[in-house]
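> starting from these lines, generate the structure:
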Amino acid sequence: MKQDLVLGIDEAGRGPGIGPMVLAAVALDEAGVALLAQAGVRDSKAFGSGALGRQRRTRLDILVRQHAAWAAVEICEVSEIDEYVARGGLNHLERERARRLIFRGPACARIIADGRALFSPLAAEFPRLEARDHAESAHLAVAAASVCAKALRDELFERIAARYRTEFGVLDGGGYVNPATCAFVGEYVRRHGQLPPEARRSWPWREIAMPPASEQPTALP
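Numbers count the residues shown, from 1 in each chain. Down below sits the predicted model:
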């Protein structure tokens, strides 16, 4: 075990109603921490949601992967999210994916995960794990993980948006259940009689008038 190696864990995409959730883990030594701090790595939310923020996260994601001792991601697909939410277990899904990342990664002196209530149960299994709220603001390894998770989440959402651009125009709203996203989902339902395949069925689409089940298209085997 390298004594100065810290593993940071964070996620992106837990809240949106469209698209996957991404967890990332980044292991940094002291030299990596210093270099990435100088490069401007910090909590991914600090860069905003616009095009410039996405570009900066993409650039920093490349730097993190170049200078980290180790970095990896786990993607939670929409179907998995729906399955876990149906039984009240979204936190369990995140903990399972964090556990995978820890097992995949190198032995580290410290493991710091963003979310005290969410990740504290893992401390019984991993004694070096510290679960903290707002850890991405206090620990560079967690900030780096947040950048990697958000950069990939942005990329995956852009692929979704690109699939619908010709028929529906620009897909604003980042996939969150806000007026822009609801306008897109509502129009999709009006035209196709069901939610888009990338939409989480377990999310509350209260503003969307869904057709009766008998009128919804039947999935082909």
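
> so in the protein, where's the weakest helix or strand by average pLDDT?
Lowest by mean pLDDT, DSSP states H and E among the helices and strands of the chain is strand 2-12, with a mean of 92.

> next secondary structure after that one?
Remark: after strand 2-12, the chain's next helix or strand is strand 21-28, criterion DSSP states H and E.

> distance from that following strand to the middle of the chain?
Between the centre of strand 21-28 and the centre of its chain there are 9 Å (C-alpha atoms, centre = their mean, to the nearest Å).

> could you tell me the angle between the lengthiest helix in the chain and strand 21-28?
In the chain, taking DSSP state H as the definition, the longest helix is helix 140-168. For helix 140-168 against strand 21-28, the angle by axes from the mean of the first three to the mean of the last three C-alpha atoms, to 10 degrees is 150 degrees.

> I'd like to know which elements helix 140-168 is packed against.
strand 2-12, strand 21-28, helix 30-39, helix 51-67, strand 70-76, strand 108-114, helix 179-192 (3 or more C-beta pairs under 8 Å, 6 or more residues apart in numbering; DSSP states H and E). For glycine as for every other residue, the C-beta is placed from the backbone atoms N, C-alpha and C.

> and the fifth one, what does it pack against?
Just to be clear, that refers to strand 70-76. Strand 70-76 makes packing contacts with strand 21-28, helix 90-104, helix 140-168 when contacts are defined by 3+ C-beta pairs under 8 Å, 6+ apart.

> can you pull the buried residues of the helix or strand just after that strand?
As assigned by DSSP H and E, the chain's next helix or strand after strand 70-76 is helix 78-86. Using 16 or more other C-beta atoms under 10 Å as the test for burial, helix 78-86 gives 78, 80-81, 84.

> ok, now stretch 158-165?
Across stretch 158-165, burial judged by 16+ other C-beta under 10 Å covers 160-161, 164.

> and it, how far out from the chain's middle?
Stretch 158-165 sits 18 Å away from the centroid of its parent chain (C-alpha atoms, centre = their mean).

> what about it, average pLDDT?
For stretch 158-165, the mean pLDDT works out to 97.

> and if you look at stretch 77-95?
97.

> need the distance between the two termini of that stretch.
Criterion C-alpha to C-alpha, to the nearest Å; first-to-last residue distance in stretch 77-95 is 15 Å.

> who touches that stretch?
Stretch 77-95 is contacted from outside by 11, 14, 19-21, 23, 76, 115, 118-119, 121-122, 197-202, using C-beta atoms under 8 Å, 6 or more residues apart in numbering.

> now stretch 99-116
Contacts of stretch 99-116 (C-beta under 8 Å, 6+ apart): 1-11, 23-25, 27, 69-70, 72, 74, 94, 98, 119, 122, 125-126, 128-136, 139, 141-142, 145-146.
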